[in-house]
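Undergrad: starting from these lines, generate the structure:
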Amino acid sequence: MVGFLGKNALASISLANAVFFIIIIFGFGISSAISTLIASIDGKNEYKKGATIFYHGLILNFFLSIFMYVLVHIFFYILPYLGQPKEILNDTISFLRITSISLIPWMIFEILRKFSEGLSLVFPSLLSTWTSVIVNITLNYIFLHGIFGFPKLGITGVAYATLISRIIMLICISILLLKYEKIRKYYNNLKFSIKFQKKYFKKILNIGIPSGLHMLFEMSAFAISSFISGRCGIKVLAAHQIVISLVSSTFLLSAGLSVAATVRIGNQLALKNYYELRKVGKSIFFMGFIFMLICNFIFIFFRKNIPYMYINDEKVAFFAEKMIVIASIFQLSDGIQGIILGALRGLQDVHIPMWISLFSYWIVAIPMAWFLSIKMGGEGVWIGLGIGLTISAILFFIRYESITKKLIKKSNNKYLFIR
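TA: Numbers count the residues shown, from 1 in each chain. Down below sits the predicted model:
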């Protein structure tokens, strides 16, 4: 919708989102620990322990959101020195100034979402998110076109629409969760007199920090790719934002399978059903492969038409078309590595994947994207990212195979010893 304001507006949003997600993504990783821990606890119906973990996660995320809000405002002073087009900086900062407030409701929403997903309850977050999307689209249209007595607010209006929709998202999930008996069993054990216990913070952070760093390494690579594209000019940055929008949509859909992998494998790990655990993993990997393959064909087939859904600029569309082809080729790697990571998180294996991510994205992807952008422009950025994603997918799969085979071998040896 912002694309209709022109290439400068689209480039401003691209830059603003790059900054925003570099900062918030670490918080998402911390939140992911909740679904991992709750999935394991749910298999044993330990309601009191689950409520305590949820409470500590909620407090942790609240203070983390305040810290991230401050970081966004510090970034305002850094942006002018990153070599970005000067004509988009004011709009970028204006957008961030408003949307940074949404960090607080969004991070609280994330804890509620991860808590419910850990209990295999996906509809509260699904309905809340779609309600938020509908509100966001409606308010975008109102604020962009100045109808119902509102003035035309441009990018500022989009920022306000984003903030309001994220507050509504939190309100919706808070109401919907109360309708589930399983949730109420945990809530009944949630006492506000619960004292902070170091061991629970440690338990959350032990999984959350490596997961957060993994997400930071991956998502910051994509965010930094926006800065690299920005150095190639506004039209390349606008085209890059179009492709980021596309691949982010398909990746987030595959992320649903990643959550399923975390929860189902976490359940089987708690029950020590290691053969079933491996079957669950391979089934989800196969579904993810088929899904991303379909997305790949759709993007390539409609590559000439898709850019014009965002912006009516032939030069931007020309750049975007080339980038879409390259990004489509690496869609399989992107989806599969995310799903395998969810499986590893279900196995509570987070430290080695963190180092794999550091290597794949910061040692390989970013330097290659930078170097190839000098030679090939925006296309080179996506080739560099794609190579990093492929390496990540291969190494994650090797790690998953190694762990699950060891679990089965250990289980078989224990059975023989008992006999």
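Undergrad: so how far is the host helix or strand of residue 249 from its chain's centroid?
TA: Using DSSP states H and E, residue 249 sits in helix 234-271. Taking CA atoms, centre = their mean, to the nearest Å, one finds the center of helix 234-271 at 6 Å from the center of the full chain.
Undergrad: and the helix or strand sitting right after that helix along the chain, what does it pack onto?
TA: Towards the C-terminus, the helix or strand next in line after helix 234-271, according to DSSP H and E, is helix 274-301. Applying 3 or more CB pairs under 8 Å, 6 or more residues apart in numbering; DSSP states H and E, one finds that helix 274-301 makes contact with helix 234-271, helix 314-329, helix 331-346, helix 378-418. Just so you know, the C-beta spots here come from the backbone N, C-alpha and C atoms, and that holds for glycine as well.
Undergrad: so the second one versus helix 274-301, what angle?
TA: In this case it means helix 314-329. 150 degrees (axes from the mean of the first three to the mean of the last three CA atoms, to 10 degrees).
Undergrad: can you tell me what sits against helix 314-329?
TA: 7, 10, 235-236, 238-240, 242-243, 246-247, 295-296, 299-300, 303-304, 306-308, 310-311, 377-379, 381-383, 385-386 (CB atoms under 8 Å, 6 or more residues apart in numbering).
Undergrad: please check these and keep the buried ones.
TA: Of the members of the contacts of helix 314-329, the ones counted as buried by neighbours, 16 or more other CB atoms under 10 Å, are 7, 10, 235-236, 238-240, 242-243, 246-247, 295-296, 299, 303, 306-307, 310-311, 377-379, 381-383, 385-386.
Undergrad: before we move on, back to that, which of the helices and strands packed on helix 274-301 sits most buried?
TA: Between the helices and strands packed on helix 274-301, the one whose residues have the most neighbours on average, counting mean count of other CB atoms under 10 Å, is helix 331-346 (a mean of 26).
Undergrad: so what does that helix touch, helix or strand wise?
TA: Partner elements for helix 331-346 (3+ CB pairs under 8 Å, 6+ apart): helix 7-42, helix 198-230, helix 234-271, helix 274-301, helix 351-357, helix 378-418.
Undergrad: could you dump those to a markdown table with mean pLDDT?
TA: Output for the helices and strands packed on helix 331-346, formatted as a markdown table (pLDDT from 0 to 100):
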| stretch | mean pLDDT |
| --- | --- |
| helix 7-42 | 78 |
| helix 198-230 | 78 |
| helix 234-271 | 80 |
| helix 274-301 | 86 |
| helix 351-357 | 88 |
| helix 378-418 | 81 |
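Undergrad: can you say which of the ones you listed is nearest to residue 70?
TA: Of all these, helix 7-42 sits nearest to residue 70, with 9.8 Å by CB to CB.
Undergrad: what's the angle from the closest one to helix 314-329?
TA: Angle of helix 7-42 versus helix 314-329, following the same axes, to 10 degrees, is 20 degrees.
Undergrad: how about residues contacting stretch 142-162?
TA: If you take CB under 8 Å, 6+ apart as the criterion, stretch 142-162 is touched by 1-2, 4-5, 9, 12-13, 91, 94-99, 102, 135-136, 139-141.
Undergrad: show the buried residues in those residues.
TA: 1-2, 5, 9, 12-13, 91, 94-96, 98-99, 102, 135-136, 139-140.
Undergrad: that'll do, ta.
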